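[1] could you look at this predicted model? Sequence included:
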Amino acid sequence: MQTVFNLPETVSVDQLLEALPLAYAEPKKERVKRCYLDTFDGRLHGVDWLLYQEGDELVLERNGERDRFSFSGRIPLLAADLDQSPAARSLQKVIENRALLPVLETVCESCRWPLVDSEQKSHLSLEYQQLSTPQGSHCDRIVLRPMRGYEKSLRRCARALEKMGCAIAPSPLEEWLFAALPDWPKPPRLRSDQAAYSAFCAIAHYQLEVMVLNEPGVLTAEDVEFLHDFRVALRRTRSLIGQLKGVLSAEVTERFKADFSWLGAQTGRVRDLDVWQEQLHQQSAELPADLRAGLEPLLRFIQNDRKRLKRGLDKVIEGSVYGDLKNRWRTLLEEQAETTQGVLAGEPIGKLAARQLYKRIGRVLKDGSAITEASPDEELHTLRIDCKKVRYLLEFFGSLFRGRSMKRMIKQLKRLQSTLGDFQDISTQRHNLNDTLDRMKRQKRTTPECLMATGALLSHLQQEHDRLRAQFFKEFEKFSDPGLSGAVLKELKAQKEPR
């Protein structure tokens, strides 16, 4: 494991070498350019990993260890572009569907001396590094790297450096990389007694900033998660407007409900195809090996659909209609004019949120309990939407409700919503698959192998449909447990009613 020291201005490298308890051999000089990578949301920075391109390899530094592995294609990179070495698989688990983007370029000019004993055996190396970036950042440092089994020599040399005024220092790369990552907006901190209109504007403004931050990534199409994050912020905005009726005036509410509904329709189809392509790649692994190649015509057809729809989406994001919507919405949220406020604008947000949660959770419990084995799929889809509304309210206002029962309910709600979401995805896939096959047949794009593969896929989807439907009843039973739901509703009732 390497140890990094700063280099005092008053001490030269030659003085350090002479002060060491080991002799030094001929040095090796290098000049290395590196391109550091991370996801847009800084996932590697979040787990204290460093990843950089060095030549035709990627180098991953974590926990003091260094692993090299190969990649295919060009940067930006996706998980599928990495090899299957253990280090690459670990990296894939962290980045998931996000692309690895170039974050920072550095130049490292170094001089490395092997430190040897009287028999010329290398115990470790001392490296003098001069790091710089095109933006003008600069740092000089000393790095000690021991050979295996020579940790004692490392400690002796480290003590010698410390006596010369060197101090163990964190790598400046952490600071430089953090500065190069996007400046994410911070979620607002709410108070229970805060006016509902003020809280509404704070939450909506945060969601708007998230949407704007993701716009460039939506347009470049390097990473489909940009569109996902854009749409999550959009859905939360629509949910906020719809569930806090009376906070905005009726006229303003209806106008922006229609505007954001239009934007949801414009962005939804491309995202649906992104999800479907990912699911098809995963599900193809469940098919017999001799059938998988038959899905290629389907995947190409979907990809062509996406390219066509993506061109339309880019025109929307860059267009004047969306630009005008953003400007009008930002003006409302920042000016907070009295004419835009509704009859509930001044109500404490704690009471309003408790009232909405009490009503929404009660509806989920009532409608979910009415679902039976004979109920149509549409009732599960409706329940999924109700659960999503509860989830959004909890994301907005969960910090105002800190009871243990509420935390347990949030955990069970996530499990229930995950099952219902997977069930909805399966139902949507079955519909999309049949519809797309009909279009492919009309255009004479199918092959016998494609029809066999999609037939097997439909059979697999039916099995998943039945499994998830059975799983729903188990998850809902846990969520609706009277001891849990009763305690949560009691807490909410106490907060929503006047004292």
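    Now that the structure is in, tell me what you want to look at.

[2] helices and strands around the one helix or strand N434 maps to, which ones?
    Secondary structure from DSSP states H and E places N434 in helix 404-442. For helix 404-442, the elements it packs on are helix 250-284, helix 296-318, helix 377-397, helix 448-479, helix 482-496, judged by 3 or more Cβ pairs under 8 Å, 6 or more residues apart in numbering; DSSP states H and E. Where C-beta positions appear, they are placed from N, C-alpha and C, glycine not excepted.

[3] ranking these by burial, who's on top?
    helix 377-397 (a mean of 18; mean count of other Cβ atoms under 10 Å).

[4] how far away from the center of its chain is it?
    21 Å (Cα atoms, centre = their mean, to the nearest Å).

[5] and stretch 363-383, by the same measure?
    The answer for stretch 363-383 is 31 Å, by Cα atoms, centre = their mean.

[6] please apply the same query to stretch 142-161.
    How far stretch 142-161 lies from its chain's middle: 39 Å, per Cα atoms, centre = their mean.

[7] what comes up buried for it?
    I142, V143, L144, R145, P146, Y150, S153, L154, C157, A158, A160, L161 (16 or more other Cβ atoms under 10 Å).

[8] so which of those residues belong to strands?
    Counted as lying in strands by DSSP state E, out of those, are I142, V143, L144, R145, P146.

[9] and the contacts of the lowest-mean-pLDDT helix or strand in the chain?
    The least trusted helix or strand in the chain, going by mean pLDDT, DSSP states H and E, turns out to be helix 172-180, with a mean of 82. For helix 172-180, the external contacting residues (Cβ atoms under 8 Å, 6 or more residues apart in numbering) are 36, 38, 42, 45, 48, 50, 103-104, 106, 131, 133, 137, 139, 141.

[10] how about stretch 28-45?
    50-54, 58, 75, 77, 94-95, 98-112, 173-174, 177-178, 181-182, 184, 217, 223, 225-226, 229.

[11] now that stretch: buried residues?
    Buried residues in stretch 28-45 (16+ other Cβ under 10 Å): R34, Y36, L37, D38, T39, F40, D41, G42, R43, L44, H45.

[12] closest to I410 among those?
    D41 (22.2 Å; Cβ to Cβ).

[13] pLDDT value on that closest one, please?
    D41 is assigned 91 on the pLDDT scale.

[14] quick one on the thing from earlier: after the least confident helix or strand of the chain, which helix or strand is next?
    Past helix 172-180, the next helix or strand by DSSP H and E is helix 196-220.

[15] mind checking the pLDDT average for whichever helix or strand comes after that following helix?
    Later in the chain than helix 196-220, the nearest helix or strand by DSSP H and E is helix 225-243. Per-region confidence: helix 225-243 scores 96 on mean pLDDT.

[16] the inter-axis angle of helix 225-243 versus helix 377-397?
    Relative orientation of helix 225-243 and helix 377-397, computed by axes from the mean of the first three to the mean of the last three Cα atoms, to 10 degrees: 90 degrees.

[17] quick one: buried residues of helix 225-243?
    Buried, per 16+ other Cβ under 10 Å, within helix 225-243: 225-241, 243.

[18] L51: what secondary structure?
    Reduced to three states with DSSP: H, G, I helix; E, B strand; the rest coil, the structure at L51 is strand.

[19] emit the ChimeraX select command for whichever of the contacts of stretch 28-45 are buried.
    Selecting only the buried entries of these in ChimeraX, with 16+ other Cβ under 10 Å as the criterion:
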select :50,51,52,53,58,77,94,95,98,99,100,101,103,104,105,106,108,110,112,173,177,181,217,223,225,226,229
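
[20] now the buried residues of stretch 28-45 as a markdown table including secondary structure and distance to F260?
    Converted to a markdown table, the buried residues of stretch 28-45 look like this (DSSP: H, G, I helix; E, B strand; the rest coil; distance: Cβ to Cβ, whole Å):
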| residue | secondary structure | distance to F260 |
| --- | --- | --- |
| R34 | strand | 43 |
| Y36 | strand | 37 |
| L37 | strand | 34 |
| D38 | strand | 31 |
| T39 | coil | 27 |
| F40 | coil | 23 |
| D41 | coil | 23 |
| G42 | coil | 28 |
| R43 | helix | 29 |
| L44 | helix | 33 |
| H45 | helix | 32 |
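
[21] and E18, how far from N6?
    19 Å (Cβ to Cβ, to the nearest Å).

[22] between the two, which one's more packed in?
    N6 (17 against 11; other Cβ atoms under 10 Å).

[23] quick one, phi psi at that one?
    phi -80, psi 160 (degrees, to the nearest 10).

[24] returning to what we had before: okay, the angle between the helix holding N434 and helix 482-496?
    Using the same axes, to 10 degrees: helix 404-442 against helix 482-496 is 100 degrees.

[25] now helix 404-442: average pLDDT?
    Rounded mean pLDDT across helix 404-442 is 93.

[26] longest strand anywhere in the chain?
    strand 101-116.

[27] any idea how far that one is from the chain center?
    Taking mean C-alpha positions (Cα atoms, centre = their mean), strand 101-116 and its chain are 30 Å apart.

[28] following the chain onward from it, which element is next?
    By DSSP H and E, the next helix or strand past strand 101-116 is strand 122-132.

[29] pLDDT on that next one, on average?
    93.

[30] likewise for stretch 149-162?
    For stretch 149-162, the mean per-residue pLDDT is 92.

[31] ok now that stretch, how far from the chain's centre?
    41 Å.

[32] residues in contact with it?
    3, 5, 16, 19-22, 115, 123-124, 126, 142, 144, 146, 168.

[33] quick one: which of these has the most company?
    Counting neighbours by other Cβ under 10 Å, the top entry in the contacts of stretch 149-162 is L115, with 25 neighbours.

[34] measure that residue to R145 for me?
    Counting by Cβ to Cβ, the gap from L115 to R145 is 10 Å.

[35] shared neighbours, these two?
    L124, S125.

[36] wait, S132 touches V107, no?
    Yes. Between S132 and V107 there is a contact under Cβ atoms under 8 Å: 5.2 Å.

[37] not counting sequence-adjacent ones, nearest residue to L213?
    Counting by Cβ to Cβ, 6 or more residues apart in numbering, L213 lies nearest to P182, which is 6.2 Å off, once chain neighbours are set aside.

[38] show me the shaky parts of this protein.
    498-499 (pLDDT under 70).

[39] domain map for it?
    3-180, 196-496 (automatic domain parsing).

[40] relative to P188, which of these is closest?
    For the domains of the chain, proximity to P188 was assessed by Cβ to Cβ; domain 196-496 is nearest, at 3.7 Å.

[41] ends of the closest one, how far apart?
    Separation of the first and last residues of domain 196-496 by Cα to Cα, to the nearest Å is 13 Å.

[42] could you check how far it is from the centre of its chain?
    16 Å.

[43] wait, doesn't S125 sit right on L115?
    Yes. Using Cβ under 8 Å, S125 is in contact with L115, at 6.4 Å.

[44] what lines up beside the longest strand of the chain in the sheet?
    strand 23-24 (antiparallel), strand 28-38 (antiparallel), strand 122-132 (antiparallel) (DSSP bridges).

[45] that one to helix 172-180, inter-axis angle?
    170 degrees.

[46] strand 101-116 to helix 196-220, inter-axis angle?
    70 degrees.

[47] contacting residues around A25?
    Per Cβ under 8 Å, 6+ apart, neighbours of A25: W113, P114, L115, V116, Q120, S122.

[48] quick one: which of those residues is nearest to Q266?
    Taking those together and measuring to Q266 by Cβ to Cβ, the closest member is W113, at 61.3 Å.
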